[in-house]
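K.L.:
next input, structure requested:
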Amino acid sequence: MESQKRSEELRAQRALCDLIRGDDSWEDTVVENIEEKYHRLVDYRHVSAMKAESPKVTKRRLSLRTLELIPQHKIARAIGNRSLTSELAKCCREAINEDLKERQAAVMAEAAEARKSIRKAQRGFTNFKTKMIALRYRDATVTASRRAMEKIFTSTTRISSLAMSTYRHMN
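P.N.:
Modelled structure (predicted):
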């Protein structure tokens, strides 16, 4: 009850000061601060999304073995060799899982060195580990799942072969 009276008195004093000065500057500054914080948050989210989508992040977190296996898998898929394709797909999955385990160990080590909560670090890794294998479609959409990544290889091969066949028929 007493706090309500104080807040009402403060509002009345501010309103009286504003009438005397003839401006509502304190309200404007509050609104500007909120908008500024909101814009900073939006910018931060945008930068984080761009970092997650960039191929530099993916290449930095994937091992050289994995980066070599992915194009080999794509070539085998384009040739149509099913046994080699399935073998390379299996190797890609295993290599990506190994890279994820290494990354998780690095995240846990960083948390332990910084004396942060290991549970929070583990939860954060689980929530954000998809950044590691994010790939971009040709239409600029981003995917992070293993199955979607394999579908990308299949669809890009089919799209490129379909485009070449229609190009040949048009000429």
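
K.L.:
got any ranges where this protein has weak pLDDT?
P.N.:
1-7, 9-32, 49-60, 126-171 (pLDDT under 70).

K.L.:
mind naming the longest helix for it?
P.N.:
helix 82-113 (DSSP state H).

K.L.:
next secondary structure after that one?
P.N.:
Once helix 82-113 ends, the next helix or strand along the chain (criterion: DSSP states H and E) is helix 118-128.

K.L.:
buried residues in that following helix, which are they?
P.N.:
Counting neighbours by 16 or more other Cβ atoms under 10 Å, one finds that the buried residues in helix 118-128 are 121, 125. Bear in mind the C-beta positions are built from the backbone N, C-alpha and C, glycine included.

K.L.:
tilt between that helix and helix 82-113?
P.N.:
Going by axes from the mean of the first three to the mean of the last three Cα atoms, to 10 degrees, helix 118-128 is angled at 150 degrees with respect to helix 82-113.

K.L.:
which other helices and strands contact helix 118-128?
P.N.:
Here helix 118-128 touches helix 82-113, going by 3 or more Cβ pairs under 8 Å, 6 or more residues apart in numbering; DSSP states H and E.

K.L.:
and the helix it packs on, what does it pack onto?
P.N.:
Secondary-structure packing of helix 82-113 (3+ Cβ pairs under 8 Å, 6+ apart): helix 64-79, helix 118-128, helix 146-170.

K.L.:
rerun that using 10 Å as the cut-off
P.N.:
On a contact count with 3 or more Cβ pairs under 10 Å, 6 or more residues apart in numbering; DSSP states H and E, helix 82-113 meets helix 55-61, helix 64-79, helix 118-128, helix 146-170.
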